[in-house]
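J.: just to be clear, the model below is a prediction. Sequence and coordinates:
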Amino acid sequence: MDFYTYIVENEDVGKRIDIFLSAELEDVSRSFIQKLIENEKVKVNQKTVKSNYKLRLDDIIDIEIPDPEPIEILPEPIPLDILYEDQDIIVVNKPQGMVVHPAPGHYTGTLVNALLYHCKNDLSGINGMLRPGIVHRIDKDTSGVLMVAKNDHAHKHLALQLKEHLITRKYTAIVYHNLVNDEGTINAPIGRHPTDRKKMAVTYKNSRHAVTHYTVLERFGQFTLIEAQLETGRTHQIRVHMKHIGHPLLGDPVYGPKSQPDHISGQMLHARVLGFIHPSKNEYMEFEAPIPKYFMDVIEKLRKNAHL
């Protein structure tokens with residue numbers, strides 16, 4: 001059983017609670033949220049509400065999500081690229097193609113399976129059995145730095161930094177076309193796609209504030225290498241924002257062309273830098289994951305083609 005608590009911020013005031021929660025909990029449908037509300041598994045300020053309840057500033061929402069079925073997530077001896085580890089946190093370099101945590105139909109081979117083997121029982125339990133230690137995540141086909149909490153104190157500390165946008169997150173990406181400006185900021189709200197629930201989109205309906213800064217690193221003619229820095233951390237933020245300005249990520253069939261050049265599989269996006277205040281040492285620490293070989297090979301190929 002998972003428990004989540006949300007405190008309503010200015011940007012969410014006036015939204016229906018079922019719409020708000022289905023946007024926050026991307027693996028849970030709106031109809032399932034409505035069923036939880038009906039069964040009194042959702043409370044606002046410790047009182048039950050109806051699905052059409054309109055959120056007010058500083059409302060405290062508590063939601064209890066029962067396990068869909070008894071599932072045992074097993075430790076697996078999957079090698080981890082560990083950038084740092086102590087008694088509070090572990091920072092890993094996740095490879096492209098690895099799912100962060102188990103989900104329906106995908107219970108093995110995930111980062112969580114590997115962490116359970118490596119850390120034994122030393123993982124935060126705040127996010128339940130399916131997501132022990134997971135404070136944030138990156139997409140399956142995005143490689144790079146990810147922080148994991150080994151106890152509840154560390155988890156709460158890191159989650160608060162995420163909520164207050166205090167985490168440094170810099171990504172390297174290859175996008176389609178030649179960006180006009182050497183740097184820029186995309187300030188556009190992101191919410192569920194109006195017709196495709198599996199996708200996100202820039203929309204002003206039931207959306208959340210989202211800001212991405214980008215800097216051009218190298219130009220290849222038809223493609224551009226950039227650094228993207230997150231000011232907020234919405235689902236698929238960089239992928240959605242770059243599509244929004246007409247520069248989808250290379251290799252991303254969800255937000256870019258269905259057919260990708262050279263059969264590139266998965267978006268060319270690497271979480272290169274992650275910086276945060278250590279939950280116990282109370283000092284800023286920054287970690288960097290080198291650009292992986294698959295990514296460098298694509299860069300080299302684009303570089304050669306640009307000079308032909």
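T.: Received the coordinates, thanks.
J.: neighbours around D2, how many?
T.: For D2, the number of neighbouring residues by other Cβ atoms under 10 Å comes to 16. The way it works is simple: take the backbone N, C-alpha and C, and place the C-beta from them, glycine included.
J.: show me what S143 is bridged to.
T.: Per DSSP bridges, residues listed as beta-bridge partners of S143: H270.
J.: residues in contact with it?
T.: Neighbour list for S143: N93, K94, P95, Q96, L269, H270, A271, A289, P292, F295 [criterion: Cβ atoms under 8 Å, 6 or more residues apart in numbering].
J.: among those, name the buried ones.
T.: The neighbour count (16 or more other Cβ atoms under 10 Å) marks N93, K94, Q96, L269, H270, A271, A289, F295 as buried among the contacts of S143.
J.: can you tell me which two in those residues are farthest apart?
T.: N93 and L269 (14.0 Å; Cβ to Cβ).
J.: quick one: low-confidence ranges for the stretch 201-308 of the chain?
T.: For the stretch 201-308 of the chain, no stretch is flagged by pLDDT under 70.
J.: so what's M242 closest to, chain neighbours aside?
T.: Spatial nearest neighbour of M242, excluding adjacent residues (Cβ to Cβ, 6 or more residues apart in numbering): V175 at 5.2 Å.
J.: so the one you found is in contact with P248, correct?
T.: Yes: between V175 and P248 a contact is recorded at 6.7 Å, counting by Cβ atoms under 8 Å.
J.: identify the contacts common to those two.
T.: M242.
J.: which one of the two has more residues nearby?
T.: Between V175 and P248, counted using other Cβ under 10 Å, the more crowded position is V175 (28 against 21).
J.: got a list of what the more buried one touches?
T.: With Cβ under 8 Å, 6+ apart as the criterion, the residues that contact V175 are F223, T224, I226, M242, H247, P248, L249, L250.
J.: helix, strand, or coil at E300?
T.: The assignment at E300 comes out as helix when based on DSSP: H, G, I helix; E, B strand; the rest coil.
J.: who's in contact with it?
T.: Counting by Cβ under 8 Å, 6+ apart, E300 touches no other residue.
J.: how near is it to K293?
T.: 10 Å (Cβ to Cβ, to the nearest Å).
J.: got it, and Q222?
T.: For Q222, the distance to K293 equals 23 Å [Cβ to Cβ].
J.: which of those two has more residues huddled nearby?
T.: Ranked by neighbour count (other Cβ under 10 Å), Q222 and K293 place Q222 first, with 13 against 8.
J.: so what's the residue count around the residue nearest to that one when sequence neighbours are not counted?
T.: Among residues not flanking Q222 along the chain, H177 sits closest, at 6.6 Å (Cβ to Cβ, 6+ apart). Counted by other Cβ under 10 Å, the residues lying close to H177 total 13.
J.: could you do K205 as well?
T.: Residues lying near K205 (other Cβ under 10 Å) number 10.
J.: over to K281?
T.: 11.
J.: go on, H118?
T.: A total of 20 residues lie near H118 under the criterion other Cβ under 10 Å.
J.: so it sits in a helix?
T.: Yes: counting by three-state DSSP, one finds H118 located in a helix.
J.: list the contacts for it?
T.: H118 is in contact with L80, I82, I90, counting by Cβ under 8 Å, 6+ apart.
J.: what is the nearest of the buried ones among the contacts of S143 to G128?
T.: K94 (20.2 Å).
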